[in-house]
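Asks: Provided below for reference: sequence and predicted model.
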Amino acid sequence: MTLLVHNNKIDFLKGVSIVGVLAIHTTGPAFLTLQFGAFWEQVLLVTINQIFRFSVPMFLFISAYLFAMRLGGKKFSYTKFLAGRIKRVFIPYLLWSLFYITLRYITEDPTVYTMGIWDLAIAILTGSAYGHLYFIPLIFQFYLLLPLALRFSQTTGQTTFYVAWFLTGFLLILLKYFLGLRFSGGVWAFLGKNFLVFWWLPFFAFGLLAGFRKGKGWLHDNTRSKFIIMTLLVILLTLMVSENLFYQGTYYELKQNGLRRIGNVESIATFLRPSAYCYALCFIVLTFSTLPQRLLGGGAGKFIINLGLNSYGIYLLHPLVQKILAKLSKLAGMSVYGHAAPTILLTAGTLFLSWLVVNASSRSFIGQWLWGAKPHIYSG
């Protein structure tokens, strides 16, 4: 049996990012609901939601970074790499897609009642079987584009190609954002979907370039650059929170007055907007270059690393756990959305129970099929 060699820093960042994914999913309904708690609770939940907007970009960056590092190996085979991804990533994704479609049917979601084979295939190919699953079709589009990207990079020059790829992706997101606030429906509605790889190109390009350069060019001990990036992070986070509070208030007011929504107001909360893009890129640069080694030790550091190792299983399972906990809370007469304390408790409970199930079963035969689990060792 092949053992995977893991790097503590990578797994730590994956652990922090999976916490972020769960926090976004639990706070999202809370700040989109029309029954807010106190204003400070609203601000707190929106701030938590926006702080973790680096999470999905971090996973994309790490995927590209690790691929580039593997490519530098003497015996790398793209065919074997893709076959391994199908076994460890796509098959669990397929099983969970079918499960979540079944769950939607059981819970009386009318959108699945008329689904045929073609509709089912589209749901799997686009990650629309359940809200969080778009990430896997996105990753596989990247894998399929890699041979073409590598060939072009050899022709034009590695750095030139990936910088151009990065800038093209950033230009696309600017166009998407400013056009998307004004237009919706039809072809644009499809082209604006999160599962399409071209909206995320900068994070893939950045990860590939960083991996090929073996991490050279990071900030390391450049105190001035670190200060500038940290300042940018604070400014961008303030902008992101302000955007959300403003548009959320607009959305609420329109709903209260029975008016139709003007533009795509919900797009202000997505990853795919310029402020969140810049925030995620700054966060990736800062953490990859300056993550203190002391954070990787101790009980908390080791637990976060373990979360990273189990992140794919947690990602697949957590909506089910969240739904069960929210339902139990409702039956007990408590609302977990719209107030800070219950939402934070829901996040913690979902994270812990999801991790518990995945970690306990990851070494079993079932775990290999449900979570793509595989034994591992550390490289430090």
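Replies: Nice, I can see it.
Asks: And Leu331, how close does it get to Leu307?
Replies: Separation of Leu331 from Leu307 (Cβ to Cβ, to the nearest Å): 29 Å. Using the backbone N, CA and C atoms, a C-beta is placed for each residue, glycine as well.
Asks: Where do the strands of the stretch 1-150 of the chain begin and end?
Replies: With DSSP state E, counting those that start in this stretch as the criterion, the stretch 1-150 of the chain has strands at 4-6.
Asks: Any regions of it where pLDDT drops low?
Replies: 1-6, 30-37, 72-74 (pLDDT under 70).
Asks: do that again at 80, thanks
Replies: The model of the stretch 1-150 of the chain has pLDDT under 80 over residues 1-7, 28-40, 42, 71-76, 108-109, 111-113.
Asks: picking up where we left off before, which of Leu331 and Leu307 has more neighbours?
Replies: Leu307 (24 against 8; other Cβ atoms under 10 Å).
Asks: What strand or helix carries that one?
Replies: Assigned by DSSP states H and E, Leu307 belongs to helix 298-309.
Asks: got a list of contacts for that helix?
Replies: Outside of helix 298-309, the residues within contact range by Cβ atoms under 8 Å, 6 or more residues apart in numbering are 6, 8, 10-19, 294-296, 314, 351, 355, 359, 376.
Asks: which residues touch the helix or strand following it?
Replies: Downstream of helix 298-309, the first helix or strand assigned by DSSP H and E is helix 311-331. Where contact means Cβ under 8 Å, 6+ apart, the residues beyond helix 311-331 that reach it are 14-15, 17-18, 21-22, 25-26, 59, 89, 92-93, 96, 100, 103, 130-132, 135, 307, 335-337, 342, 346, 349-351, 353-355, 357-358, 362, 367, 370-373.
Asks: which ones among those are found in helices?
Replies: Judged by DSSP state H, the subset of those located in helices is 14-15, 17-18, 21-22, 25-26, 59, 92-93, 96, 100, 103, 135, 307, 342, 346, 349-351, 353-355, 357-358, 367, 370.
Asks: How about the contacts made by the residue sitting nearest the centre point of the chain?
Replies: Centroid check for the chain by Cα atoms, centre = their mean gives Val56 as the closest residue, at 2.3 Å. By Cβ under 8 Å, 6+ apart, the contact list for Val56 reads Ser17, Val21, Phe135, Phe271.
Asks: Mind doing that once more with 6 Å?
Replies: Contacts for Val56 (Cβ atoms under 6 Å, 6 or more residues apart in numbering) come out as Phe271.
Asks: Distance check, it against Tyr277.
Replies: Separation of Val56 from Tyr277 (Cβ to Cβ): 11 Å.
Asks: Leaving out chain neighbours, which residue sits closest to Phe204?
Replies: Spatial nearest neighbour of Phe204, excluding adjacent residues (Cβ to Cβ, 6 or more residues apart in numbering): Ala64 at 4.6 Å.
Asks: got it, and Val89?
Replies: Gly372 (5.7 Å).
Asks: count of neighbours near the one you found?
Replies: Number of residues near Gly372 (other Cβ under 10 Å) recorded here: 20.
Asks: Settle this for me: it is touching Lys87, isn't it.
Replies: No - at 7.4 Å, Gly372 does not count as touching Lys87 under the criterion of Cβ atoms under 6 Å.
Asks: so who does Ile124 touch?
Replies: Residues counted as contacts of Ile124 (Cβ under 6 Å, 6+ apart) are Ser97.
Asks: and if you look at Ile136?
Replies: Residues near Ile136 by Cβ under 6 Å, 6+ apart: Tyr93, Gly127.
Asks: picking that back up, what is the orientation angle of the helix holding Leu307 with helix 311-331?
Replies: 100 degrees (axes from the mean of the first three to the mean of the last three Cα atoms, to 10 degrees).
Asks: What is the burial count for Gly298?
Replies: The number of residues packed near Gly298 is 10, by other Cβ under 10 Å.
Asks: I meant to write Gly169 there.
Replies: For Gly169, using other Cβ under 10 Å, the count is 21.
Asks: Ile48 too?
Replies: When neighbours are counted by other Cβ under 10 Å, Ile48 comes out with 21.
Asks: now do the one 10 residues further on
Replies: Neighbour count for Met58, taken as other Cβ under 10 Å: 25.
Asks: Tell me how far the nearest residue to Lys14 once chain neighbours are set aside lies from Ile18.
Replies: In this structure, Lys14 finds its nearest non-sequential neighbour in Gly308, 3.4 Å apart by Cβ to Cβ, 6+ apart. For Gly308, the distance to Ile18 (Cβ to Cβ) stands at 7 Å.
Asks: Return the members of the contacts of helix 311-331 classed as buried.
Replies: Using 16 or more other Cβ atoms under 10 Å as the burial test, these include 14-15, 17-18, 21-22, 25-26, 59, 89, 92-93, 96, 100, 103, 130, 132, 135, 307, 336-337, 342, 346, 349-351, 353-355, 357-358, 362, 367, 370-373 as buried.
Asks: Report the distance from the biggest helix by length in the chain to the chain centre.
Replies: If you go by DSSP H, the chain has its longest helix at helix 223-256. Relative to the chain's own centre, helix 223-256 is displaced by 19 Å; criterion: Cα atoms, centre = their mean, to the nearest Å.
Asks: Which is the succeeding secondary structure element to it?
Replies: helix 274-290.
Asks: and that next one with helix 223-256, angle?
Replies: 150 degrees.
Asks: Give the closest residue to Asn244 in space, chain neighbours not counted.
Replies: Using Cβ to Cβ, 6+ apart, the closest residue to Asn244 is Val46 (4.8 Å).
Asks: same deal with Ile344?
Replies: The nearest residue in space to Ile344 (Cβ to Cβ, 6+ apart) is Ile48, at 7.8 Å.
Asks: In this model Thr27 seems to touch the one you found, though I could be wrong.
Replies: Yes - using Cβ under 6 Å, Ile48 is in contact with Thr27, at 5.3 Å.
Asks: what about Asn194, which SS state?
Replies: Under DSSP: H, G, I helix; E, B strand; the rest coil, Asn194 falls in the coil class.
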